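S.K.: please find the sequence and the predicted model below.
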Amino acid sequence: MNNITKDIFYIGVNDHELDLFEGQYDVPNGMAYNSYVIVDSKTAVFDTVDKNFTQPWLSNIKEVLGDRKPDYLIVQHVEPDHSANIASFLSEYPDTTVVGNAKTFAFISSFYPELEIKNTLTVKDGEKLSLGTHELTFTMTPMIHWPEVMMTYDSTDKVFFSADAFGKFGALDVDEDWACEARRYYFGIVGKYGMQVQGLLKKAAALDIQTICPLHGPVLKENLGYYIDLYNTWSSYGVESEGVFIAYTSVYGNTKKAAEMLREKLLEKGCPKVAIADLAREDMAESVEDGFRYGKLVLATTTYNAEIFPFMNQYIDWLVERNYQNRTIGIIENGSWAPTVARIIKAKFEKSKNITWLDTIVSIKSAVKAENIAQIEAMADELIKK
């Protein structure tokens, strides 16, 4: 097993069978379900793993503990990819005390109504638990991203067990860039709860943290400021990268043509980065990620049944429900006889904070014409100036 510190061990598993995380997020490089154990005068296991990995996980525990019995099972998050093996764990170690908060045990009863737990310890925010040399402090962090979530700080080794915070898609036996899949994970799963994450970061700033142990993704040890700064940008809905993201849908290729013309104009005028995506064909979560990454967004789509084309409608819904804000948005609309996209799009963002709308709207009737080319030129100029 992997030593994180002298007394803390990684006992998680990699999942390469999963195709869709939470039934919706594509995970081509699999998923890691992380679990940890502290070996001290008393031993504590942090969280279980997905139901499909019972035996590998129990084997990992035994490899570290040998014949020792765990004293505590700390349940930081009851989502089933982390709690599904509580019953199998207690079948193996029935005298272990399960540690959680009041909501933890309510959620466990809801998910696993037949489960009987012999020994429980209910903790509150700021309460401590001594394992001997190691002293744990529990921090309640509701809505990052479920109501019962708590995190744990080990003041001895200065390790922060962060539940789903600082997590990412991807198994740990695959080498890939952290930020890309962590960003997609964050905005897909945690993004709505920026205010709560900001609260967590304020609490974390008061701690001497040298290692972060999330429930998904790698253990973070080096250059923690990099990860924390990204989380601060994401959770405050700040701009991570200067540039423009163009998201489009197109039925017969005319709206696509306009989107691509805008991209070329922006690059010609010196825009540092222009990303573009066909919402009907590219991963929706990737497009949500890019919508939040850049400070400027252009939505190009067609009128469809007097509404917005379905993939664009879904995309905007995903942005808005994740508290999209502090951005500049431009619109390219297309409609053969009654283009209504611009009006409908603006209405969908009514509750979003600090949205700046471009004055220029590219309004196409069927095919791109000379007046539309002029509008695209004007939109590019406005995006560069803003």
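M.R.: All right, it came through fine. Residues are numbered from 1 along each chain as shown.
S.K.: can you give me the helices in the protein?
M.R.: 54-65, 80-83, 86-92, 102-111, 178-185, 194-205, 224-235, 254-268, 284-293, 310-321, 341-348, 370-385 (DSSP state H).
S.K.: the residue nearest to residue 344 when sequence neighbours are not counted: neighbouring residues, count only.
M.R.: Nearest non-adjacent residue to residue 344, counting by C-beta to C-beta, 6 or more residues apart in numbering: residue 308, 5.5 Å away. Yep, even glycine has a C-beta here, placed from its N, CA and C like the rest. As a burial measure, residue 308 scores 24 neighbours (other C-beta atoms under 10 Å).
S.K.: same deal with the one 3 residues further on?
M.R.: Per other C-beta under 10 Å, the neighbour tally for residue 311 reads 20.
S.K.: do the same with residue 156
M.R.: Per other C-beta under 10 Å, the neighbour tally for residue 156 reads 18.
S.K.: residue 291 now?
M.R.: 23.
S.K.: can you check the one 4 residues further on too?
M.R.: Neighbour count for residue 295, taken as other C-beta under 10 Å: 18.
S.K.: wait, doesn't it sit right on residue 324?
M.R.: No. With contact defined as C-beta atoms under 8 Å, residue 295 does not reach residue 324; the gap is 12.0 Å.
S.K.: pretty sure residue 212 sits against residue 219.
M.R.: Yes. Between residue 212 and residue 219 there is a contact at 7.1 Å, judged by C-beta under 8 Å.
S.K.: show me which of those two is the more surrounded one.
M.R.: Applying other C-beta under 10 Å to residue 212 and residue 219 shows that residue 212 carries more neighbours, namely 21 against 18.
S.K.: contacts only, for the residue nearest to the more buried one when sequence neighbours are not counted.
M.R.: Nearest non-adjacent residue to residue 212, counting by C-beta to C-beta, 6+ apart: residue 220, 4.2 Å away. Residue 220 is in contact with 166, 211, 212, 214, 227, counting by C-beta atoms under 8 Å, 6 or more residues apart in numbering.
S.K.: equivalent analysis for residue 131, please.
M.R.: Remark: with contacts taken as C-beta under 8 Å, 6+ apart, residue 131 is in contact with 38, 40, 41, 42, 43, 44, 71, 72.
S.K.: most neighbours of all those, which one?
M.R.: residue 38 (30 neighbours).
S.K.: from residue 242, how far out is the residue nearest to that residue when sequence neighbours are not counted?
M.R.: In space, and not counting its chain neighbours, residue 38 is closest to residue 44: 4.8 Å by C-beta to C-beta, 6+ apart. Distance, residue 44 to residue 242, using C-beta to C-beta, to the nearest Å: 45 Å.
S.K.: just put the helices of the chain in TSV and tack on mean pLDDT and distance to residue 133.
M.R.: Compiled in TSV, the helices of the chain are given as follows (pLDDT from 0 to 100; distance: least, C-beta to C-beta, whole Å):
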stretch	mean pLDDT	distance to residue 133
helix 54-65	98	17
helix 80-83	97	26
helix 86-92	98	24
helix 102-111	97	26
helix 178-185	97	31
helix 194-205	97	23
helix 224-235	98	23
helix 254-268	98	58
helix 284-293	97	41
helix 310-321	97	45
helix 341-348	96	55
helix 370-385	97	57
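S.K.: can you say which of the ones you listed is nearest to residue 160?
M.R.: Among the helices of the chain, the nearest to residue 160 by C-beta to C-beta is helix 194-205 (6.7 Å).
S.K.: could you check the pLDDT of residue 278?
M.R.: With respect to pLDDT, residue 278 has a value of 98.
S.K.: how close does it sit to residue 260?
M.R.: 10 Å.
S.K.: residue 192 too?
M.R.: Applying C-beta to C-beta, the value for residue 192 to residue 260 is 32 Å.
S.K.: before we move on, what about residue 174?
M.R.: From residue 174 to residue 260 the distance is 33 Å (C-beta to C-beta).
S.K.: counting neighbours, go ahead and name the busier of those two.
M.R.: Between residue 174 and residue 260, counted using other C-beta under 10 Å, the more crowded position is residue 260 (16 against 13).
S.K.: now that one. Nearest residue, chain neighbours left out?
M.R.: Among residues not flanking residue 260 along the chain, residue 276 sits closest, at 7.1 Å (C-beta to C-beta, 6+ apart).
S.K.: now swap in residue 208 and tell me
M.R.: Leaving aside its chain neighbours, residue 208 sits nearest to residue 158 (5.1 Å; criterion: C-beta to C-beta, 6+ apart).
S.K.: that neighbour touches residue 204, doesn't it?
M.R.: No. Counting by C-beta under 8 Å, residue 158 sits too far from residue 204 to count as a contact (11.6 Å).
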